[in-house]
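Asker: All I have is the shape, not the residue letters:
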């Protein structure tokens with residue numbers, strides 16, 4: 001400007017418009033999660049750095065970014081130098097699945113019910129298993145990845161598992177089943193073995209089938225020699241070779257049959273040969289070796305048995321097989337009641 005007079009000048013300004021950009025976010029698949037922005041808003045001045053954080057909903061995991069942001073880093077940052085669109089991609093979380101395989105033994109004896117049903121379960125599922133016996137069978141126990149006799153029972157699915165329900169026939173096909181009567185079994189009448197006074201078929205109690213042998217017992221203290229032991233037996237009339245036999249029987253005794261717990265009464269299985277010489281199996285204490293109030297199996301291997309008494313009986317010529325109950329040691333306890341025998345076999 002040439003100063004040839006007084007002059008006044010005004011400088012006029014206009015406000016500069018800062019460039020703004022929009023950040024648009026989405027998630028895939030829909031409902032799988034959300035995207036958090038820091039700073040929040042979605043519209044930013046050019047050059048702003050925005051931190052994006054992908055947050056997965058239950059059942060999903062973050063996979064990667066796509067659009068104007070790529071990669072798997074989470075959180076991640078983006079510079080706003082243009083309008084941008086970013087998608088957070090999620091995948092459905094795969095819950096570990098395990099298989100429960102069940103079977104029954106013997107085949108056709110029963111079935112196994114699962115609750116919840118299906119057989120394939122998410123890790124950590126507790127499944128109730130119930131063994132159901134078919135007609136003519138009864139449940140015995142579980143084997144495989146579950147053991148014991150509880151029915152129903154539960155199994156925790158923390159890996160693939162296999163369980164077998166074991167059943168047994170309720171029919172009594174043993175040599176002496178007592179289904180038709182006492183089958184020749186009698187109470188011993190020898191002077192020193194009269195504690196078993198009567199034997200009879202009993203259809204109210206049985207391990208298998210519908211009947212057992214009930215023995216009426218009057219067991220007195222050791223100083224009553226006639227009643228300090230009692231025996232029941234069967235005389236097979238003709239000799240049998242039992243020198244290498246496995247003899248099994250089931251017995252049920254009440255808790256009162258223990259007598260003196262410090263000198264408990266006991267059970268023995270015995271054999272007599274054609275010359276009436278004896279072999280008695282090892283002594284089995286009632287209450288410990290033979291639990292009470294339940295059916296208990298006794299097994300005698302004649303080839304390996306540690307005989308409790310032996311006066312030289314020839315097991316190749318066995319004529320008599322029997323069961324003895326006796327007073328423990330010098331006990332003064334008495335027992336009056338019943339014991340039951342069932343399913344004698346070899």
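Answerer: Yes, it's here. Given the structure is predicted, the values throughout are model-derived calculations rather than measurements.

Asker: now the nearest residue to residue 42 once chain neighbours are set aside, what's its secondary structure?
Answerer: Distances taken as C-beta to C-beta, 6 or more residues apart in numbering place residue 23 nearest to residue 42, at 5.4 Å, with adjacent residues excluded. The C-beta positions use only the backbone N, C-alpha and C, and glycine is treated the same way. Counting by DSSP: H, G, I helix; E, B strand; the rest coil, the backbone at residue 23 sits in strand.

Asker: wait, what's in contact with residue 23?
Answerer: 37, 42-44, 50, 78, 80, 83-86 (C-beta atoms under 8 Å, 6 or more residues apart in numbering).

Asker: what stretches of this structure score poorly on pLDDT?
Answerer: 15-16 (pLDDT under 70).

Asker: Include secondary structure, neighbour count and distance to residue 152 when you put the contacts of residue 23 into TSV, please.
Answerer: Shown next, in TSV, are these (DSSP: H, G, I helix; E, B strand; the rest coil; neighbours: other C-beta atoms under 10 Å; distance: C-beta to C-beta, whole Å):
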residue	secondary structure	neighbour count	distance to residue 152
37	strand	16	54
42	coil	12	57
43	strand	11	63
44	strand	21	63
50	strand	22	58
78	strand	19	58
80	coil	19	63
83	coil	12	64
84	strand	18	60
85	strand	13	57
86	strand	21	54
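
Asker: could you dump those to CSV with distance to residue 272?
Answerer: Shown next, in CSV, are the contacts of residue 23 (distance: C-beta to C-beta, whole Å):
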residue, distance to residue 272
37, 98
42, 102
43, 107
44, 106
50, 101
78, 100
80, 106
83, 107
84, 103
85, 100
86, 96
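
Asker: circling back: does the residue nearest to residue 42 have beta-bridge partners, and which?
Answerer: Counting by DSSP bridges, residue 23 forms beta bridges with residue 84.

Asker: now it: how far from residue 58?
Answerer: As judged by C-beta to C-beta, to the nearest Å, residue 23 and residue 58 stand 26 Å apart.

Asker: Three-state assignment for residue 342, please.
Answerer: Strictly by three-state DSSP, residue 342 counts as strand.

Asker: same deal with residue 179?
Answerer: Assignment for residue 179 (three-state DSSP): coil.

Asker: isn't it right next to residue 210, touching?
Answerer: Yes. Using C-beta atoms under 8 Å, residue 179 is in contact with residue 210, at 6.5 Å.

Asker: would you list every one of the strands in the stretch 51-200 of the chain?
Answerer: For the stretch 51-200 of the chain, applying DSSP state E, counting those that start in this stretch gives strands covering 60-67, 76-79, 84-92, 97-105, 110-115, 120-122, 126-133, 137-144, 153-156, 161-169, 185-187, 196-202.

Asker: Is it possible to get CSV of these that adds distance to residue 329?
Answerer: Converted to CSV, those look like this (distance: least, C-beta to C-beta, whole Å):
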stretch, distance to residue 329
strand 60-67, 72
strand 76-79, 86
strand 84-92, 73
strand 97-105, 43
strand 110-115, 45
strand 120-122, 56
strand 126-133, 43
strand 137-144, 35
strand 153-156, 41
strand 161-169, 37
strand 185-187, 24
strand 196-202, 20
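
Asker: what's the closest of those to residue 318?
Answerer: Among the strands of the stretch 51-200 of the chain, the nearest to residue 318 by C-beta to C-beta is strand 185-187 (15.4 Å).

Asker: For residue 62, give me its contacts.
Answerer: With C-beta under 8 Å, 6+ apart, residue 62 has these contacts: 33, 54, 56, 72, 74, 88-90.

Asker: Domains in the chain, by residue range?
Answerer: 21-92, 97-169, 185-345 (automatic domain parsing).

Asker: follow-up on the earlier one: any idea how far the residue nearest to residue 42 is from residue 207?
Answerer: Here residue 23 is placed at a distance of 80 Å from residue 207 (C-beta to C-beta).

Asker: Quick check on residue 75: phi, psi?
Answerer: phi -70, psi 170 (degrees, to the nearest 10).

Asker: you'd agree it is up against residue 53?
Answerer: Yes. At 4.2 Å, residue 75 and residue 53 qualify as touching, with contact defined as C-beta under 8 Å.

Asker: Just want to know which of those two has more residues nearby.
Answerer: The neighbour count for residue 75 versus residue 53, taken as other C-beta atoms under 10 Å, is higher for residue 53 (14 against 11).

Asker: Please name the bridge partners of the more buried one.
Answerer: Applying DSSP bridges, one finds that residue 53 bridges with residue 36.

Asker: Wait, it touches residue 74, no?
Answerer: Yes. Contact status for residue 53 versus residue 74: in contact at 6.5 Å, counting by C-beta under 8 Å.

Asker: what's stretch 85-93 in contact with?
Answerer: 23-29, 32-35, 52, 54, 56-57, 59-69, 78.

Asker: The same query, at a cut-off of 6 Å, please.
Answerer: Applying C-beta atoms under 6 Å, 6 or more residues apart in numbering, the contact partners of stretch 85-93 are 24-28, 32-33, 35, 54, 56, 59-64, 66-69.

Asker: Then stretch 222-233?
Answerer: Residues outside stretch 222-233 that contact it (C-beta under 6 Å, 6+ apart): 185, 187-188, 191-196, 199, 215, 217-218, 220, 320, 322-327, 330.

Asker: Kindly report the same for stretch 298-313.
Answerer: 242, 244-249, 268-269, 271, 273, 277-283, 315.
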